[in-house]
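[1] got a sequence here, can you build the structure:
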Amino acid sequence: MPFHFPMQKILDYRQQLEEEAKIKLSQAQTRVHEAEVRLEELRTLIIQAEQKAREKPALNAAEFWIAEQYMRGLKEDLANSEMQLKLAYSVRDEAQKVLTLRAIDKNMLVKLKERQTLAWNHAEKLKEQHFNDEIATIRYQKSPVG
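    Okay, the predicted model is just below:
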């Protein structure tokens, strides 16, 4: 008769929760990466727009206004992107905390299962040893003394 862990369904559930937490962390890390890339793209666009403005100043008020509006829009996008990155960092950190807790919960049950398996194996060996001792005792008692 093999060992049966009475809390196996709970262990399976906790493993599932840990896997879901790993997926959420991976998604959060992807969002962080995307936000960092977007932020870097905006910084590059701002630098390019500033260089263009220095190299070729606007000839009239309309061109100046367009260039100014473009730069203002880029800076607003940059500020929004920075907020999105901060939010992505906080979501990632929270997902990491959840994953850590899920892993701890699962590992506690895994260790319990290991301890119970070892105890069960030890008890089975003792039962087998007692059985073998009884058989040996019965055989010894039945054998003619000689």
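
[2] which residues are in contact with stretch 97-109?
    Residues from elsewhere that reach stretch 97-109 (Cβ atoms under 8 Å, 6 or more residues apart in numbering): 7, 10-11, 14-15, 17-18, 20-22, 24-25. (Each C-beta comes from the backbone N, C-alpha and C, glycine too.)

[3] could you measure from residue 20 over to residue 141?
    As for residue 20, its distance to residue 141 is 62 Å (criterion: Cβ to Cβ, to the nearest Å).

[4] the two: which has the busier surroundings?
    Applying other Cβ atoms under 10 Å to residue 20 and residue 141 shows that residue 20 carries more neighbours, namely 13 against 8.

[5] just the pLDDT at the residue positioned nearest the centre of the chain, thanks.
    The residue lying closest to the centre of the chain (Cα atoms, centre = their mean) is residue 22, at 3.1 Å. Note on residue 22: pLDDT of 98.

[6] how about low-confidence regions in the chain?
    For the chain, residues meeting the criterion pLDDT under 70 lie at 58, 143-146.

[7] I appreciate the help and will end here.
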